[in-house]
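Asker: 3D model of this:
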Amino acid sequence: MKTRNTIIALTVLALSACSGYKQDTYKVYKTFDEYAMKEIPFRITEKKSLPYAMVKRNDDTIRVLLCFADTTQNQSIVYINKGKYWYNLKKYQTDPILYYFTLCDTIPIYTERYIQNDTIWEYEYEIENFILESNSLTRHTRNNEVYISVPDTFRISESNRLDSIKNFISLYSEKYPYHNSKKYQPIYYSYYNKILRNDTLYIYEKPAGTNYRLGKLRAVYKMSNLGVIDMYREEINTYNLRIPKAE
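Answerer: Next up, the predicted model:
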């Protein structure tokens, strides 16, 4: 699976928010189901312990604080209600350590996220020297994921960005080659199946024309309340592939 080589830069607000807002208008939940955009409460028999999610709702926004015992992993996420979908913007820094000490952008990478009907559509790009450089489009569901590389010339519609992304991803296997194609292609796709068994998430890559039902096993993750844990690096990824832990 495509490896992310950047780490989201945490703001001072995100580092302190879990303790600072605990007695405010936020409510504590076991996790936040990003596909359904709803809170998952602790069971009556469960003790409220870290990690957990704190959520505050109003008419047009949902604010989620992801709280960990290691406060450097805390994250603050804002979802905006756009009527037919929820919108969220991620911003990564290519040098998060430098950003942490200077608060100056280090070639940020943006991901526009559109959440609708248990599906998350993403458009990732970076802006360097005021020039937009496209990177990828991704469609996430609970059970699978489609990743499509896009060239720097790619642009999405300003008037209807979500439909533009959907139209580009539709019929991907017929429009674009699989990423292992021997011939270089500026646009290609990868397809992944996701299988959750108890607290373990298995990621299978399924090439075009393969005889395997699920595909080739590419990664195995342990689940926490708030995301997946890379067992090799012991890092928690709280955005991609977030699925509520099976009971």
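Asker: Which elements pack onto the helix or strand where residue 163 lies?
Answerer: Under the criterion of DSSP states H and E, residue 163 resides in helix 161-169. Applying 3 or more Cβ pairs under 8 Å, 6 or more residues apart in numbering; DSSP states H and E, one finds that helix 161-169 makes contact with strand 109-116, strand 119-128, strand 131-140, strand 144-149. (Glycine included, C-beta is placed from N, CA and C.)
Asker: List the buried residues in that helix.
Answerer: Going by neighbour count (16 or more other Cβ atoms under 10 Å), the buried part of helix 161-169 is 161, 162, 164, 165, 166, 168, 169.
Asker: cool, and stretch 76-89?
Answerer: Buried residues in stretch 76-89 (16+ other Cβ under 10 Å): 76, 77, 79, 85, 86, 87, 88.
Asker: residues touching the third one, list them.
Answerer: Contact criterion Cβ atoms under 8 Å, 6 or more residues apart in numbering gives 37, 61, 62, 63, 64, 86, 87, 88, 115 as the residues in contact with residue 79.
Asker: Now with 7 Å, please.
Answerer: Residue 79 makes contact with 37, 61, 62, 86, 87, 88, according to Cβ atoms under 7 Å, 6 or more residues apart in numbering.
Asker: next one: the fourth one
Answerer: Contact partners of residue 85, counting by Cβ under 7 Å, 6+ apart, are 114, 115, 116, 162.
Asker: could I get the residues you listed as a markdown table with pLDDT?
Answerer: Converted to a markdown table, these look like this (pLDDT from 0 to 100):
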| residue | pLDDT |
| --- | --- |
| 114 | 96 |
| 115 | 96 |
| 116 | 96 |
| 162 | 95 |
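Asker: Can you name the two of those residues that sit furthest apart?
Answerer: Greatest spatial distance among the contacts of residue 85 (Cβ to Cβ): 115 and 162, at 9.8 Å.
Asker: still on that earlier bit, of the buried residues of helix 161-169, closest to residue 139?
Answerer: Of the buried residues of helix 161-169, the one sitting nearest to residue 139 (Cβ to Cβ) turns out to be residue 169, at 5.3 Å.
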